[in-house]
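> Fold the following for me, if possible:
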Amino acid sequence: MTVGQELEKITGLKLFHNHMSIEMVAPFFSYGTEPGKRLVRLFRRAIFEEVANSELEGLIFTYLWSFDSQADWDYVESVCQIFEAKGGEVYFVELEAELEIRLERNISPHRLKHKPTKRNIEFSETDLKSKMARNRLNSYNGEIKRENYIRINNSTLSPEHVAGLIKQRFEL
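Residues are numbered from 1 along each chain as shown. Presented below is the predicted three-dimensional model:
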């Protein structure tokens, strides 16, 4: 999200970070429930379709991808198809950081401001650790076959620097 915010600043592209839809649904249904997941998917799809049909230059979307989940691969492909069917290009940016760094970032005031469901620190930390233990959250080398792809270990890089690398790589 933070890198996306910096990329939005330097490109003019709009950011739709994954928690925007989660936070919208959370007062009614937890994201972990079937109604919560369904509503999040519906809201995201509606946004994607409207953006793809609009005059907007593009969209920045963040997503926690479980690379060992076929359902996640299928979801990512379905999102790509929305834009590619309209002649759009999709760029993949994979960010990686060690667990300790992720845990530190997970409780930063900036993150908590933009992601209210993360404010239960104990739950959020347990959830992150569980996801990292249960799922493979980074791709294997060569697994993503798309030409428009970059992987960045941002453990020691500022969000501004990472956004600059992305902008330069994809000439945004």
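
> can you pull out the helices in this structure?
With DSSP state H as the criterion, the chain has helices at 2-11, 18-25, 34-52, 70-84, 99-106, 109-114, 121-134, 159-170.

> on contacts alone, who are the packing partners of the longest one?
Helices and strands touching helix 34-52, by 3 or more C-beta pairs under 8 Å, 6 or more residues apart in numbering; DSSP states H and E, are strand 14-16, helix 18-25, strand 59-61, helix 70-84. In this view, the C-beta of every residue, glycine as well, is placed from N, C-alpha and C.

> who are the neighbours in contact with A85?
Contacts here follow C-beta atoms under 8 Å, 6 or more residues apart in numbering; on that basis A85 touches A52.

> Going forward, the N-terminal residue is numbered 609.
In the new count, where the first residue is 609, that last one comes out as A693.

> any idea how far F731 is from it?
38 Å (C-beta to C-beta, to the nearest Å).

> same thing with A705?
Using C-beta to C-beta, one obtains 21 Å as the distance from A705 to F731.

> the more surrounded of the two?
For A705 versus F731, the count of surrounding residues by other C-beta atoms under 10 Å is larger for A705: 17 against 11.

> Need the pLDDT of the more buried one.
Here, the pLDDT recorded for A705 equals 94.

> Pull the contacting residues for it.
Here A705 is in contact with 713, 761-763 (criterion: C-beta under 8 Å, 6+ apart).

> Would you list the phi and psi of it?
Note on A705: its backbone torsions stand at phi -160, psi 150 [degrees, to the nearest 10].

> The helix or strand of the chain with the lowest mean pLDDT: which residues count as buried?
Each helix and strand of the chain was given a mean pLDDT (mean pLDDT, DSSP states H and E); the minimum falls on helix 717-722 at a mean of 79. Neighbour counts over helix 717-722 (16 or more other C-beta atoms under 10 Å) mark 719, 722 as buried.

> what's that helix in contact with?
Residues from elsewhere that reach helix 717-722, judged by C-beta under 8 Å, 6+ apart: 609-610, 625, 627, 713, 726-727.

> center of this protein - which residue?
T670 (1.6 Å; C-alpha atoms, centre = their mean).
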